[in-house]
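In: Okay, predicted coordinates and the sequence, questions at the end:
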Amino acid sequence: MARIASRFGRVEPRASARAYLLGLLSKAERKNCWQLAEQAGLARPGPMQRLLRYARWDADAVRDDLRAYAVEHLGTDGGVLIVDETGFVKKGRASAGVQRQYTGTAGRIENSQVGVFLAYATSRGRALIDRRLYLPEQSWCGDPERRRAAGIPEEVQFATKPRLAREMIAAALDAGVKAQWVTGDEAYGQDPQLRAALEAHGTGYVMAVACSTRVRINHGRTPARADTVAEYLPAGAWQRHSAGNGAKGPRHYDWAWIHIGTGEHRHLLIRRNRTTGELAFYLCWSPATVTLAELVRVAGIRWSVEECFQAAKGQVGLDHYQVRNWTSWHRHITLAMLALAFLTALAAGAAPERPVQPAHPTRSHPPIRLTVPEIRHLLAAVFNPPTVSVAKLLHWSNWRRQHQATARRSHYRRRSGDEPTG
């Protein structure tokens, strides 16, 4: 709070922000304004709702503080920036950016919002450090009335997801984030403008691409599909490497690489599942000579962003919000990212310098490192407010049920055609 306190000009929103963050770190079942207000011992959710909607503070400035905090506590050599998106399934059509669209969260087309995120990963940990709400072009950008109702600023125009990723990466690098590499999935690897921007900045990348991607081999003379190149690789071209540790140990795959184009530092990287034979492809570029093992390391780190999403949603309520406004979305998401970065920094600070027996992990018997869920559990015990009185519990139960009854009446009127007009 000392880091971000100056972003709040008045005492009330500053106190609400602290209570909001403590609520995100608490054991509250849902992390929306109602439950966070109850967790904080408030009589109404008004202060939390004002914090997200009307209070005067700049979520982008807090985002900058969060980014600097994450780099300070997690920064080390070999840092990687990861771009990815996640969906937030919603009901109705009033939430900023919502429409029926594919989201990996549900694994299908759903009525949802999509946020594009930038993660920072090192050997010390990983955290989300930037965010953008994707605004669909047809259903939102060209509808001034809908934009106005959702509080979308006039200066916000349509931008593709790779464009949003490019803006976040540029902002991070300009802010001094030390990252030698960028990685992302096919949605971002297929974008030539994003790859060109990274090369212009001198930042290496390992970006996933489709099997149908065409590359030029034989010193740029021969065009071919990526999967066709893989078919003609000799058995000796494949090497076994670990893409990092998973929940069940090292993730070993067969890997091959081949020079493409005319540049010495441009490669097609191919991963083969040792059990199923399934292939994955990556376009790679680096400003200097690198080893196959280094490219494999960067490709494996991409999965860190999925762990960030899982932790952010499961531990600090990234997707628990009940807001529709553009500003409110960015404020809640930023505070949730800050809460996650705080937990990650504590975990990094508590980690031992090295494993007890790094060469023989199966022979070591100490407790595992402190994890983000375990640290949140401990913090919740420390910061948990005193036992709530029966009167307070009944007060909040009555308040919730009154508002649920109001919402139900509204739905019934709308369904029956009795909704008042004007």
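Out: Received the coordinates, thanks.

In: So which residues of the stretch 251-400 of the chain form helices?
Out: Using DSSP state H, counting those that start in this stretch, the helices of the stretch 251-400 of the chain run over 292-301, 304-315, 326-350, 372-383, 390-416.

In: among those helices, which is nearest Ala68?
Out: helix 326-350 (10.2 Å; Cβ to Cβ). For glycine as for every other residue, the C-beta is placed from the backbone atoms N, C-alpha and C.

In: before we move on, back to that, can you list the helices of the stretch 251-400 of the chain in CSV and add mean pLDDT and mean neighbour count?
Out: Output for these, formatted as CSV (pLDDT from 0 to 100; neighbours: other Cβ atoms under 10 Å):
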stretch, mean pLDDT, mean neighbour count
helix 292-301, 96, 20
helix 304-315, 95, 20
helix 326-350, 96, 22
helix 372-383, 83, 15
helix 390-416, 76, 11
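
In: For Pro45, find the nearest of the ones you listed.
Out: Per Cβ to Cβ, nearest to Pro45 of the helices of the stretch 251-400 of the chain: helix 390-416, 8.6 Å.

In: What's the mean pLDDT across the longest strand anywhere in the chain?
Out: When the chain is parsed with DSSP state E, its longest strand is strand 108-122. In this model, strand 108-122 has a mean pLDDT of 96.

In: Over to stretch 12-31?
Out: Per-residue scores along stretch 12-31 average to 94.

In: so the residue nearest the centre of the chain bridges to which residues?
Out: For the chain, Phe117 is the residue whose C-alpha lies nearest the centre (Cα atoms, centre = their mean; 4.4 Å). Counting by DSSP bridges, Phe117 is bridged to Asp84, Arg131.

In: for the one 4 residues further on, same thing?
Out: Each beta-bridge partner of Ala121 is listed here, defined by DSSP bridges: Val80, Arg126.

In: where's it relative to Val83, distance?
Out: Ala121 sits 12 Å away from Val83, going by Cβ to Cβ, to the nearest Å.

In: go on, Arg408?
Out: 41 Å.

In: residues in contact with the nearest residue to Ala61 once chain neighbours are set aside?
Out: Leaving aside its chain neighbours, Ala61 sits nearest to Arg7 (5.1 Å; criterion: Cβ to Cβ, 6 or more residues apart in numbering). Residues near Arg7 by Cβ atoms under 8 Å, 6 or more residues apart in numbering: Trp57, Asp58, Ala61, Val62, Asp65.

In: Next, work out how far apart the last one and Met1 are.
Out: Plainly put, Asp65 is 11 Å away from Met1 if you go by Cβ to Cβ.

In: now swap in Gly317 and tell me
Out: From Gly317 to Met1 the distance is 18 Å (Cβ to Cβ).

In: ok, the two, which is more surrounded?
Out: Using other Cβ atoms under 10 Å as the criterion, Gly317 and Met1 rank with Gly317 on top: 25 against 12.

In: nearest spatial neighbour of the more buried one, skipping sequence neighbours?
Out: Using Cβ to Cβ, 6+ apart, the nearest residue to Gly317 is Lys31, at 2.5 Å.

In: That neighbour contacts His320, correct?
Out: Yes: using Cβ atoms under 8 Å, Lys31 is in contact with His320, at 4.0 Å.

In: follow-up on the earlier one: just the closest of the contacts of Arg7 to His259, please.
Out: So of the contacts of Arg7, ranked by how close each gets to His259 (Cβ to Cβ), first place is Asp65, at 42.7 Å.

In: That closest one should be in a helix, yeah?
Out: Yes: judged by DSSP: H, G, I helix; E, B strand; the rest coil, Asp65 forms part of a helix.

In: Around it, count how many other residues there are.
Out: 17.

In: was I right about it contacting Ser6?
Out: No: with contact defined as Cβ under 8 Å, Asp65 does not count as touching Ser6 (9.0 Å).

In: okay, Lys31 and His320: which has more neighbours?
Out: Taking neighbours as other Cβ under 10 Å, Lys31 and His320 compare with Lys31 leading, 26 against 19.

In: how much space is there between the more buried one and Thr213?
Out: 40 Å.

In: who touches the helix or strand containing Ser16?
Out: Assigned by DSSP states H and E, Ser16 falls within helix 11-24. Residues outside helix 11-24 that contact it (Cβ under 8 Å, 6+ apart): 1, 4-5, 8, 31, 35-36, 39-40, 42, 47-48, 50-51, 55-57, 316-317, 335-336, 338-339, 342, 383.

In: Tell me the helices and strands packed up against the following helix or strand past that helix.
Out: Toward the C-terminus, helix 11-24 is succeeded by helix 33-39 as the next helix or strand (DSSP H and E). Where contact means 3 or more Cβ pairs under 8 Å, 6 or more residues apart in numbering; DSSP states H and E, helix 33-39 is packed against helix 11-24, helix 46-53.

In: Show the average pLDDT along the shortest one.
Out: Helix 46-53 shows an average pLDDT of 96 in the prediction.

In: can you pull the buried residues of that helix?
Out: Pro47, Met48, Gln49, Leu51, Leu52 (16 or more other Cβ atoms under 10 Å).

In: One more: the longest one?
Out: For helix 11-24, the buried set under the neighbour-count rule, 16+ other Cβ under 10 Å, comprises Pro13, Arg14, Ser16, Ala17, Ala19, Tyr20, Leu21, Leu22, Gly23, Leu24.

In: Just send those back as JSON lines, with distance to Pro223 too.
Out: Below are the buried residues of helix 11-24 laid out as JSON lines (distance: Cβ to Cβ, whole Å):
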{"residue": "Pro13", "distance to Pro223": "58"}
{"residue": "Arg14", "distance to Pro223": "59"}
{"residue": "Ser16", "distance to Pro223": "59"}
{"residue": "Ala17", "distance to Pro223": "55"}
{"residue": "Ala19", "distance to Pro223": "60"}
{"residue": "Tyr20", "distance to Pro223": "54"}
{"residue": "Leu21", "distance to Pro223": "53"}
{"residue": "Leu22", "distance to Pro223": "58"}
{"residue": "Gly23", "distance to Pro223": "56"}
{"residue": "Leu24", "distance to Pro223": "51"}
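
In: Which one of those is nearest to Leu283?
Out: Looking across the buried residues of helix 11-24 and measuring by Cβ to Cβ, the closest to Leu283 is Leu24, at 37.6 Å.
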